[in-house]
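*Asks:* Okay, here's the prediction I keep looking at, along with the sequence it came from:
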Amino acid sequence: MDKAIPEIAQAVWLITPELLLLGVVCLKFFIGPFLVSESGQAKPGLEHRWGSLALAALAGAMWLWWDQQVVTTPTLGPFRLDAITWYTRGLMLSAGFILVLLTWSQSGAGVAAESQACLLAIVAGVNLISAANDLAMLFLALELVSIPTYLYLSLPRRDELSQEATVKYFLLSMFSSAFVLYGFSMLYGATGTTNLTAIQTVLASSQSTMAPPLVLVGVVMVLAGLSFRVTAVPFHFYAPDVFQGAPVSGAALLSFVPKVAGFIALVRLLPVDAHAASAGLDAWTMLKPVLWWLAVLTMFLGNLLALIQTDVRRLLAYSSIAHAGYLLVGLYAGHEQRVAAPDGIGALFFYLPMYGLMTLGVFAVLAAAGSLQKPIATFEDLAGLSRRHPALALALLVLVFSLMGLPLTGGFLGKVHLFWAAWNLPGDGGQSLAIILTINAAIAAAYYLKLIAAAYFEAPAPHWNGGAVESSSSSVPAAIASGLCAALSVAMFFSPSWVWGLINGSF
Amino acid sequence: MIDLVAHLLAFAVGTVVFLSAPLLIGYLVRPSKPGAEKASIYECGEEAIGSSNVQFDLRFYVIALLFVVFEVEVVFFFPWAVIFGTTMQLADTRLSDESRIALSEHLLSEPAGSLDLERSISAASALQLGWLGFADLAVFFGVLLLGFAYLWKRGDLEWVRSANPERNLHSESLAKPYPSTVALGESI
């Protein structure tokens, strides 16, 4: 006990970046209401101050993150700081910069403080998911992502569509949280501890060759609950409606952040290392067919339904479902020491930032080309973008090519790594999955090209001609974000070693 | 184990029997005279008016939520206070060895007599744990107060003002009036 108390007390130094972010969140919620009038109106320009403060907070957290030393010894404290934690932190803090820019242009002065505060809380929540070393802490971190997300979706707009989207997400997210919690209680019941390190030790030292049924039921429950977050079929129903109704910044957040949260939590909880534990090995062999079908269904359903969409945001929702399928291929491949690097988890970790750049970038283009009250909804709204905003159209071109997985973009490398990780697996399952991945990438090209065709080869719709949407000052941050994403997508193709350095530094 | 299961089974069977026996006896003995008066709703002697499916004012929910926040806070405070008290007793260096062992067993939920002085909690560790617990609770309470201040400043605690339509954020962008703008007379 005399050893455990200092370990618990020292754990706080493992999460200093998150503490800084949450401190700024408190500051924003405290000062925010004093700067708006009784009717909720604020002086225009206030959003610039809150946006700058959020950027400063992220920069400070980044500085703290860079200074941190990875601790490899297993601990019984509530947090850990291993390679995965370190990498996720870097990924989320970088994505945070782009999301702050998007929020900047999508939330009016009256709600800027709350929107940016919720965003920082979400970033801190994802980081804590990767740092959690305890089931209770993991669940709290998952909720620290979910609950600010409800607010974040509802704050910018108060129309009927937005409210419907928020309520739908709220109810289904609660439902999935209940599944996760139920699974956690099973794991606790089977092992008698909530500490993740201790659970692994208990399972590894179990005498039987079969995984206990309680563990299997628990793991399947957790998989179902987290599949909701990563929008894997059949837990994807909410995505198109929510993406369509929510403001563009909310849709962008939903297309990326819950996926990172879900996949990091899955990597933490599933016995992805096939050689680790005897009991874990059995659970893993039993889970593999489930993951295989999840990946195949998610890829096919996402891509085929995206083909028939007429609303750009619904199309992107199905595209994000399809990408969840690609990421599941990486999870299926898992850690495999028999093949040459990169293995499935490495490919998954490489694909996450690539996917983040392209999806956040496309939504940033939509945010910059439309406005909060009149978002880009249909292909007609997108028509003639190359004439209205040539730079935005170019960014869209690069980002959509990255989503398609064409060379000269980071998306190509991401898909190639996932393909080889699956192809090199022993057995037929991996190779068939790799082939299905290729087929789906080809199907996806059809609907992504529709976006390009609308932006480049169609005349602008009449109602966009009258200069109704001039590039206002509020769309500048979103335009910067889209340019940044497009440039980085290309840069990642030429120097992927930069991301690999971060990942391998972590493995 | 068998003993425990037998106990539980006996209680379960007993519950079912003792509940169903009076109902069965009543069913056999009582006269059957159904009527409209008997089938009507009984509400403490009051005449029932209209349907119970009416829209409640949203402000009730806001107040209920606030109440839950403070209630949950107290629920969190009680177990913390119990452990904090024991920890503070352990942090006292003048504590006798026997009491230290007994208190450690109590705090760690170990059976009596299972710990010796070596494995019990030392005064220095207890002091550290106490400070940690105090800081934890200060942060928890601070965040809670922050939420309270936010609500207070936004005027969500004022009953009449929250019925004012001008309270809405973005009143210019509203497609429909926000549900909390129901006039006072319209809802229960």
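*Replies:* That came through, no problem. Numbering: from 1, shown residues only, chains lettered A, B, ... in the order given.
*Asks:* Grab the most central residue of chain B for me.
*Replies:* Chain B has B:Val72 as the residue nearest its centroid, 5.5 Å off, counting by CA atoms, centre = their mean.
*Asks:* that's a helix at that one, yeah?
*Replies:* Yes: looking at B:Val72 with DSSP: H, G, I helix; E, B strand; the rest coil, it is inside a helix.
*Asks:* List, one by one, the residues from the stretch 401-507 of chain A near chain B.
*Replies:* For the stretch 401-507 of chain A, no residue is in contact with chain B (CB under 8 Å from any CB of the partner chain). Heads up, the C-betas are built off the backbone N, CA and C, glycines and all.
*Asks:* Now do the contacts for the closest residue to chain B within the stretch 401-507 of chain A.
*Replies:* The nearest approach of the stretch 401-507 of chain A to chain B comes at A:Ser474, 14.1 Å away (CB to the nearest CB). Contacts of A:Ser474 were listed using CB atoms under 8 Å, 6 or more residues apart in numbering or on different chains, and they are A:Glu47, A:Trp104, A:Ser105, A:Ser371, A:Leu372.
*Asks:* now do 7 Å
*Replies:* When contacts are counted by CB atoms under 7 Å, 6 or more residues apart in numbering or on different chains, A:Ser474 touches A:Ser105.
*Asks:* That one: what secondary structure?
*Replies:* Recorded secondary structure, A:Ser474: helix (three-state DSSP).
*Asks:* neighbours around the residue in the stretch 51-200 of chain A positioned nearest to chain B, how many?
*Replies:* When scored by CB to the nearest CB, the stretch 51-200 of chain A has A:Asp159 as its residue closest to chain B, at 4.5 Å. A count of nearby residues for A:Asp159, using other CB atoms under 10 Å in any protein chain shown, gives 15.
*Asks:* With the one 3 residues further on instead?
*Replies:* In terms of burial, A:Ser162 registers 22 neighbours under the definition other CB under 10 Å.
*Asks:* Just the element for it, please.
*Replies:* Element membership of A:Ser162, judged by DSSP states H and E, is helix A:160-191.
*Asks:* Could you look up the next helix or strand downstream of that helix?
*Replies:* Downstream of helix A:160-191, the first helix or strand assigned by DSSP H and E is helix A:196-204.
*Asks:* buried set for that following helix?
*Replies:* Neighbour-count burial for helix A:196-204 flags A:Leu196, A:Thr197, A:Ala198, A:Ile199, A:Gln200, A:Val202, A:Leu203 (criterion: 16 or more other CB atoms under 10 Å in any protein chain shown).
*Asks:* What pLDDT does the model give the last one?
*Replies:* It stands for A:Leu203. Looking at A:Leu203, its pLDDT is 77.
*Asks:* which residues in chain B form helices?
*Replies:* In chain B, the helices defined using DSSP state H lie at B:2-29, B:36-39, B:58-90, B:97-108, B:123-154.
*Asks:* Using PDB, write out the CA atom coordinates for the shortest one.
*Replies:* Spelled out, it's helix B:36-39. Extracted C-alpha coordinates of helix B:36-39, given in PDB (Å, rounded to 0.1, in the frame of the first residue of the first chain):
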ATOM      1  CA  ALA B  36     -68.500   2.100 -14.400                       C
ATOM      2  CA  GLU B  37     -67.900   3.800 -11.000                       C
ATOM      3  CA  LYS B  38     -65.500   1.100  -9.900                       C
ATOM      4  CA  ALA B  39     -63.600   1.200 -13.200                       C
END
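*Asks:* Contacts only, for the nearest residue to A:Leu291 once chain neighbours are set aside.
*Replies:* Nearest non-adjacent residue to A:Leu291, counting by CB to CB, 6 or more residues apart in numbering or on different chains: A:Tyr332, 4.5 Å away. By CB under 7 Å, 6+ apart, the residues touching A:Tyr332 are A:Lys288, A:Leu291, A:Trp292, A:Ala295, A:Gly344, A:Ala422, A:Leu433.
*Asks:* my read is A:Tyr332 is in a strand, agree?
*Replies:* No: under three-state DSSP, A:Tyr332 sits outside any strand and is assigned helix.
*Asks:* and A:Thr16, what element?
*Replies:* Using DSSP H and E, the element containing A:Thr16 is helix A:16-31.
*Asks:* Which elements pack onto that helix?
*Replies:* Counting contacts by 3 or more CB pairs under 7 Å, 6 or more residues apart in numbering or on different chains; DSSP states H and E, helix A:16-31 is packed against helix A:46-67, helix A:112-131, helix B:123-154.
*Asks:* Would you confirm that A:Pro44 contacts A:Ala109?
*Replies:* Yes: using CB atoms under 7 Å, A:Pro44 is in contact with A:Ala109, at 5.4 Å.
*Asks:* Compare neighbour counts for these two and give me the winner.
*Replies:* Taking neighbours as other CB under 10 Å, A:Pro44 and A:Ala109 compare with A:Ala109 leading, 19 against 12.
*Asks:* quick one: that one and A:Trp50 touch, right?
*Replies:* No: counting by CB under 7 Å, A:Ala109 does not reach A:Trp50; the two are 8.5 Å apart.
*Asks:* Contact partners for A:Leu357?
*Replies:* For A:Leu357, the contacting residues are A:Gly410, A:Cys485, A:Leu488, A:Ser489, by CB under 7 Å, 6+ apart.
*Asks:* part of a helix, is the last one?
*Replies:* What it means is A:Ser489. Yes: the assignment for A:Ser489 by three-state DSSP puts it in a helix.
*Asks:* Count the residues that sit near the residue nearest to it when sequence neighbours are not counted.
*Replies:* Sequence neighbours aside, A:Ser402 is the residue nearest to A:Ser489 in space, at 4.5 Å (criterion: CB to CB, 6+ apart). A:Ser402: 32 surrounding residues under other CB under 10 Å.
*Asks:* same check, this time on the one 10 residues further on
*Replies:* With neighbours defined by other CB under 10 Å, the count for A:Phe412 comes to 20.
*Asks:* check which helix or strand covers it.
*Replies:* Assessed by DSSP H and E, A:Phe412 sits inside helix A:410-423.
*Asks:* distance between whichever helix or strand comes after that helix and the chain's centre?
*Replies:* Counting by DSSP H and E, the next helix or strand C-terminal to helix A:410-423 is helix A:428-457. Distance, stretch centre to chain centre, for helix A:428-457: 21 Å (CA atoms, centre = their mean, to the nearest Å).
*Asks:* Would you mind finding the most buried of the helices and strands packed on helix A:16-31?
*Replies:* Mean neighbours per residue, mean count of other CB atoms under 10 Å in any protein chain shown, is largest over the helices and strands packed on helix A:16-31 for helix A:112-131, with a mean of 27.
*Asks:* Touching the next helix or strand after it from outside, list them.
*Replies:* Later in the chain than helix A:112-131, the nearest helix or strand by DSSP H and E is helix A:135-154. With contacts defined as CB under 7 Å, 6+ apart, helix A:135-154 is touched by A:78, A:114-115, A:118-119, A:121-122, A:124-126, A:128-129, A:132, A:162-163, A:165-166, A:169-170, A:173, A:177, A:180-181, A:184, A:187-188, A:194, A:196, A:246, A:250, A:253, A:257, A:261, A:265.
*Asks:* Could you report the pLDDT at residue 146?
*Replies:* Let's take chain A. pLDDT, A:Ser146: 95.
*Asks:* hmm, I had chain B in mind actually
*Replies:* So B:Leu146 comes in at 91 (pLDDT).
*Asks:* I'd guessed it sits against A:Phe30; true?
*Replies:* Yes: proximity of B:Leu146 to A:Phe30 meets the contact threshold set by CB under 7 Å, at 5.6 Å.
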